[in-house]
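Undergrad: generate coordinates for the sequence data below:
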Amino acid sequence: AAPALGIEAAAPFTGAIALDAPARLLAAQVRDWARVAVVEEERTRRAATARAHALSAPAPAAPRPLRALYVGAPSAVFLELERMFTGHNAAITAAFTSHAGLEHLHDETFDAVILNGAQDKATAVTLCGALRRNASLYHLPTMMITAPGDAATAEAALSRGASSVADAGAPCGPSLGWLFEAIRRERRRYSAEHDARAFRDIMGDARTGLWRREPFEAHLARLASDHHASGRPLSVAVLRVLPAHGARQPGADVWRRGFGEISSLAARLMRDADSGAAFGADIIAVALPASQLKAAKRAAERIAAVAECTAFAAGDNTPGPLVFEQSAAELQPGESGAGLLSRALRAIEVESIPA
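TA: Below is the predicted model:
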């Protein structure tokens with residue numbers, strides 16, 4: 001049976017996955033639930049770290065009404081969807097062209113988008129793929145409506161990240177149930193990420209989005225202990241920011257401002273479950289829960305690649321290039337959080353010593 005409609009999950013279950021779904025969709029559902037679990041566990045850890053530092057828990061995210069966006073030509077299916085959404089205290093907005101749909105998605109917040117691919121399948125499939133190329137819409141639950149028996153469009157939609165597919169010639173209730181399941185899952189993730197950011201802010205530097213060093217080190221110790229207990233991998237990435245070889249050394253004030261900008265950029269490039277802190281005037285450390293060494297290396301490379309393209313104002317207000325030394329380490333059996341961090345820092349220190 002398909003999951004129930006509405007915002008509330010069917011007790012006592014946390015959520016559902018479709019064991020009989022196509023392999024691509026089943027893998028996406030498992031991956032998305034794993035992502036929710038990681039950030040919810042991190043929220044719990046951050047709450048414990050905040051309590052240990054005598055800090056009050058921040059306010060939870062304010063509840064918001066459920067809203068969906070229908071994009072495509074008018075059809076009888078829209079009337080059925082409108083009736084079902086209204087029956088569950090939800091609203092559905094119609095945009096009859098892809099251009100109007102994108103404007104709505106840019107200006108407003110929706111829990112899901114429903115694409116009518118029964119009349120114009122090429123446009124609907126293209127828009128479905130476009131959502132996956134937008135960082136803020138990548139995980140937006142999406143349902144594709146296809147013409148009766150159009151298996152090719154259904155497969156194309158699933159390959160582009162659709163959460164469910166509804167055949168216009170059949171009742172859409174079961175497909176809508178899986179869309180609501182995706183909505184509930186994403187709402188859980190949003191709530192956990194909101195709380196994780198709020199805990200980060202009360203233990204961190206609001207200007208940069210990084211943690212203060214003392215809470216970060218205490219939290220890393222908690223991360224290491226929890227990951228030893230769960231058997232999940234934990235990794236740390238470290239970056240040292242340096243003026244490029246041959247570039248003029250900027251003054252202290254200019255460097256401080258520039259390093260603050262790089263720190264803010266690094267914080268924005270991390271996952272909400274990740275935590276980072278500045279060490280001194282030139283080093284940023286990032287802890288990545290439930291992540292292997294290769295993930296930490298990718299995170300360091302991503303931050304460095306973006307930051308190296310960022311203009312850095314030198315003393316004479318001319319841009320000065322930057323380089324980033326990078327290292328990464330994965331938690332080893334019996335290792336403490338402090339030991340993991342020291343190993344990652346030591347790799348940079350050793351590599352920095354000239355031959």
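Undergrad: ranges for the helices of the stretch 101-250 of the chain?
TA: Secondary structure of the stretch 101-250 of the chain by DSSP state H, counting those that start in this stretch: the helices cover 121-132, 151-159, 173-202, 213-230.
Undergrad: can you mark which positions in the shortest one are buried?
TA: Meaning helix 151-159. Using 16 or more other CB atoms under 10 Å as the test for burial, helix 151-159 gives Thr153, Ala154, Glu155, Ala156, Ala157, Leu158. From N, CA and C alone the C-beta is placed, and that goes for glycine too.
Undergrad: contacts for it?
TA: 22, 24-25, 115, 117, 121, 124-125, 128, 142, 144, 146-147, 165, 167 (CB atoms under 8 Å, 6 or more residues apart in numbering).
Undergrad: cool, the last one as well?
TA: With contacts defined as CB under 8 Å, 6+ apart, helix 213-230 is touched by 41, 45-46, 48-49, 52-53, 203-204, 210-211, 233-234, 236, 275-279, 285, 287, 289-290, 331, 333-338, 340-341.
Undergrad: ok and that helix relative to helix 173-202, angle-wise?
TA: Calculated by axes from the mean of the first three to the mean of the last three CA atoms, to 10 degrees, helix 213-230 forms an angle of 140 degrees with helix 173-202.
Undergrad: of all residues in the chain, which one is nearest the centre?
TA: Centroid-nearest residue in the chain, with CA atoms, centre = their mean: Arg271, separated by 5.4 Å.
Undergrad: ok so, going back, please identify the deepest-packed of the helices of the stretch 101-250 of the chain.
TA: Among these, ranked by average contacts under mean count of other CB atoms under 10 Å, first place goes to helix 173-202 (a mean of 21).
Undergrad: same for that helix, what does it pack against?
TA: Counting contacts by 3 or more CB pairs under 8 Å, 6 or more residues apart in numbering; DSSP states H and E, helix 173-202 packs against helix 23-52, helix 76-86, strand 112-116, strand 142-146, strand 164-167.
Undergrad: ok, and what's touching the last one?
TA: The contact list for strand 164-167 (CB under 8 Å, 6+ apart) reads 77, 143-146, 148-150, 154, 157-158, 172, 175-176, 178-179, 182.
Undergrad: tell me the strands beside it, with direction?
TA: Here strand 164-167 has these sheet partners by DSSP bridges: strand 142-146 (parallel).
Undergrad: how about Ala304, nearest residue that isn't a chain neighbour?
TA: Spatially, and ignoring its direct neighbours in sequence, Ala304 is nearest to Phe324 (3.7 Å; CB to CB, 6 or more residues apart in numbering).
Undergrad: Phe85 is nearest to which of the helices of the stretch 101-250 of the chain?
TA: Closest approach to Phe85 among the helices of the stretch 101-250 of the chain is made by helix 173-202 (8.7 Å; CB to CB).
Undergrad: sorry, back to before: on the three-state scheme, the residue nearest to the centre of the chain is what?
TA: Three-state assignment for Arg271 (DSSP: H, G, I helix; E, B strand; the rest coil): coil.
Undergrad: the closest residue to Arg207 other than its chain neighbours is in what secondary structure piece?
TA: Take Arg207 and drop its neighbours on the chain: the residue closest to it by CB to CB, 6+ apart is Gly260, 6.6 Å away. Element membership of Gly260, judged by DSSP states H and E, is helix 252-269.
Undergrad: tilt between that helix and helix 173-202?
TA: Calculated by the same axes, to 10 degrees, helix 252-269 forms an angle of 160 degrees with helix 173-202.
Undergrad: pull out the buried residues from helix 252-269.
TA: The neighbour-count check on helix 252-269 (16+ other CB under 10 Å) flags Val254, Trp255, Gly258, Phe259, Ile262, Ser263, Leu265, Ala266, Ala267, Leu269 as buried.
Undergrad: ok, those residues vs Pro60, which is closest?
TA: Nearest member of these to Pro60, counting by CB to CB, is Ala267, at 21.7 Å.
Undergrad: quick one: that closest one and Trp211, what's the gap?
TA: Taking CB to CB, to the nearest Å as the measure, Ala267 falls 9 Å from Trp211.
Undergrad: Pro171 now?
TA: According to CB to CB, Pro171 and Trp211 sit 50 Å apart.
Undergrad: which one of those two has more residues nearby?
TA: Neighbour tally, Pro171 and Trp211, criterion other CB atoms under 10 Å: the higher count belongs to Trp211, 27 against 10.
Undergrad: any idea of the pLDDT on the residue nearest to Ala304?
TA: You'll see Phe324 listed with a pLDDT of 90.
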